[in-house]
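S.K.: let's see this in three dimensions:
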Amino acid sequence: MKNFRKIFRVAAWAVLAIFVAANVILLSGRTQSGRPYMVEIDRLARAIGERGFEGVDLSHCRYVENVVQSGSRFPEEGFYEDTDCDYQVRVVDGKIYRFDYMYQANQGQRRMIFTVNIILTVMSLLLLGILLFVQRKILTPFAELSELPYELSKGNLTVPIKENKYRFFGRFVWGLNVLRENLEQRKQRELSLLREKKTLVISLSHDIKTPLSAIKLYAKALTRGLYGEREKQLEIFDSIGEKADEIERFLSQIIEASSEDFLNFEVRQGEFRLSELVQAVSAYYREKLDIMKISFSVGEYTDCLLKGDLDRSVEVLQNIVENAVKYGDGHEIALSFSREEDCRLLTVRNTGCTLAQTELPHIFESFIRGTNAESVNGSGLGLYICRQLMHKMQGEIFAEIREGQMYVTVIFPS
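M.R.: Alright, predicted model coming up:
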């Protein structure tokens, strides 16, 4: 904001300088040709020189009011004071003549100066108004939002962003609020899940102690030979087996609780146009892949309505294209389209697939990475997320390898 104030001051001074310079140039433009009374004085002086003072005729003069002749070679007393007009003095044939004239500034020039000043005033007010508008409506709100990403990165999710009727940052502020709320909800879910799992583990761990203590007690009794009868020993062995089964059930519950789905797949089911999905993906990747020198092509398609969530669908295709970038040979990625009954099929193809056919059935499982991913960073969740999202949208996804190329196809109901 300090830099903007400097810019504003510089602009104000520049406007003032333009005003002064324009007026100086216009006023200094009044040259000899801009003084018509001089023409009449020159003509009268020539007439006096040719015909004498008696030959002076003022009937055709517009500006010269009177011509006064001095009685000698030198002007008499009061020669210059007995007139209310402007005058010029000329010497003709050794005698002094005073030419009295009345002249008002050129009205056209005045109008031009006035018009130029009006135009400069309007332009200056417009410029300063735009600068003030930019400061109040763009720079000031943006300065208020500049600290928000940093606060979100620190985990400060409690203070909402104030929304107003101004629309330049309306969608931006709305998006940040949605992001903040989603992060806060996710944080609360994670804390709640963590608390529940912790409570469950503590409870099950406490429950395990009972059968475990019984097993230890039976073991000590058997070690000391407290049960000498064979039937009693067999009974104890059966009890130990029951307690072991009980512990196994508790352990299964712990494992099941630990392996519960940790990702949230929320989908807003609706309808969107195929062109919206294609444009969103191609707009993002066309420039990126061009920089990476990877050929990217989008096949022909007929626009239609698809069922599902547009944002989640874009996420699915982005995951697939990212995999094509990571695991392909960097030569070509293509997006093609086909139709089967009431479904639309979108296929992402990339060259240079090195994944073994035996690994293909497992690529949509969580935390599963192929042998071709050893040198590539990743979590093994991309295609797993894609499958979960497609199932949520009543769609499907599958992959196949043909002639050394990977084909990943998503199916949307239409």
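S.K.: tell me the mean pLDDT over whatever helix or strand Glu248 lives in?
M.R.: If you go by DSSP states H and E, Glu248 is part of helix 230-258. For helix 230-258, the mean pLDDT works out to 75.
S.K.: which elements pack onto it?
M.R.: helix 170-223 (3 or more C-beta pairs under 8 Å, 6 or more residues apart in numbering; DSSP states H and E). Any C-beta I mention is one placed from the backbone N, CA and C, and that applies to glycine too.
S.K.: and the contacts of the next helix or strand after the helix holding Glu248?
M.R.: Next in sequence after helix 230-258, counting helices and strands by DSSP H and E, comes strand 270-273. By C-beta atoms under 8 Å, 6 or more residues apart in numbering, the residues outside strand 270-273 that reach it are Asp303, Cys304, Leu305, Leu306, Lys307, Gly308, Asp309, Leu310, Ser313.
S.K.: those in helices, which ones?
M.R.: Leu310, Ser313 (DSSP state H).
S.K.: which of the contacts of strand 270-273 are buried?
M.R.: Leu306, Lys307, Gly308, Asp309, Leu310, Ser313 (16 or more other C-beta atoms under 10 Å).
S.K.: as CSV, the residues you listed with distance to Ile48 and pLDDT would be great.
M.R.: Shown next, in CSV, are those (distance: C-beta to C-beta, whole Å; pLDDT from 0 to 100):
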residue, distance to Ile48, pLDDT
Leu306, 101, 94
Lys307, 105, 93
Gly308, 103, 93
Asp309, 101, 93
Leu310, 96, 93
Ser313, 100, 94
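S.K.: and stretch 403-414, which residues are buried?
M.R.: Gln405, Met406, Tyr407, Val408, Thr409, Val410, Ile411, Phe412.
S.K.: hang on, the last one in a strand?
M.R.: So the one you mean is Phe412. Yes - remark: Phe412 belongs to a strand, assigned using DSSP: H, G, I helix; E, B strand; the rest coil.
S.K.: any idea how far the residue nearest to it when sequence neighbours are not counted is from Ile215?
M.R.: In space, and not counting its chain neighbours, Phe412 is closest to Leu306: 4.3 Å by C-beta to C-beta, 6 or more residues apart in numbering. Computed with C-beta to C-beta, to the nearest Å, the distance linking Leu306 and Ile215 is 59 Å.
S.K.: circling back to that earlier point, any idea which of the buried residues of stretch 403-414 is closest to Lys6?
M.R.: Using C-beta to C-beta, Val410 is the member of the buried residues of stretch 403-414 that lies nearest Lys6, at 53.7 Å.
S.K.: hmm, back to that, return the set of residues that bridge with the residue nearest to Phe412.
M.R.: Taking DSSP bridges as the rule, Leu306 bridges to Phe272.
S.K.: isn't it up against Leu345?
M.R.: No - with contact defined as C-beta atoms under 8 Å, Leu306 does not count as touching Leu345 (11.1 Å).
S.K.: now for these two: what residues contact both?
M.R.: Phe412.
S.K.: which stretches of the chain form strands?
M.R.: 64-69, 86-92, 95-101, 270-273, 295-298, 305-308, 332-340, 343-351, 396-402, 405-413 (DSSP state E).
S.K.: can I get those strands in JSON lines including distance to Asp245?
M.R.: Output for the strands of the chain, formatted as JSON lines (distance: least, C-beta to C-beta, whole Å):
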{"stretch": "strand 64-69", "distance to Asp245": "133"}
{"stretch": "strand 86-92", "distance to Asp245": "127"}
{"stretch": "strand 95-101", "distance to Asp245": "129"}
{"stretch": "strand 270-273", "distance to Asp245": "49"}
{"stretch": "strand 295-298", "distance to Asp245": "58"}
{"stretch": "strand 305-308", "distance to Asp245": "46"}
{"stretch": "strand 332-340", "distance to Asp245": "50"}
{"stretch": "strand 343-351", "distance to Asp245": "48"}
{"stretch": "strand 396-402", "distance to Asp245": "40"}
{"stretch": "strand 405-413", "distance to Asp245": "45"}
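S.K.: nearest to Glu287, of those strands?
M.R.: Once the strands of the chain are compared by C-beta to C-beta, strand 295-298 is nearest, at 9.5 Å.
S.K.: name the helices or strands packed onto that closest one?
M.R.: Against strand 295-298 (3+ C-beta pairs under 8 Å, 6+ apart) you get helix 274-291, strand 332-340.
S.K.: for Leu120, find the nearest of these.
M.R.: It is, among the helices and strands packed on strand 295-298 and with distance given as C-beta to C-beta, helix 274-291, at 43.6 Å.
S.K.: that closest one versus strand 343-351: what angle between them?
M.R.: 10 degrees (axes from the mean of the first three to the mean of the last three C-alpha atoms, to 10 degrees).
S.K.: for helix 274-291, buried residues please.
M.R.: Leu274, Leu277, Val278, Ala280, Val281, Ser282, Tyr285, Leu289.
S.K.: counting neighbours, what do you get for the residue lying closest to the third one once chain neighbours are set aside?
M.R.: Put plainly, it is Val278. Closest residue in space to Val278, ignoring its immediate chain neighbours: Val298 at 6.3 Å, by C-beta to C-beta, 6+ apart. By other C-beta atoms under 10 Å, the residues close to Val298 number 15.
S.K.: which ones are touching Val298?
M.R.: Val278, Ser282, Ala334, Leu335.
S.K.: so which pair among these is furthest apart in space?
M.R.: Val278 and Ala334 (12.7 Å).
S.K.: okay, the closest residue to Arg268 other than its chain neighbours and Gln394: tell me how far apart.
M.R.: Nearest residue to Arg268, sequence neighbours excluded (C-beta to C-beta, 6+ apart): Asp309, at 4.9 Å. Per C-beta to C-beta, Asp309 is found 11 Å from Gln394.
S.K.: repeat that for Leu128.
M.R.: Distance from Leu128 to Gln394, by C-beta to C-beta: 58 Å.
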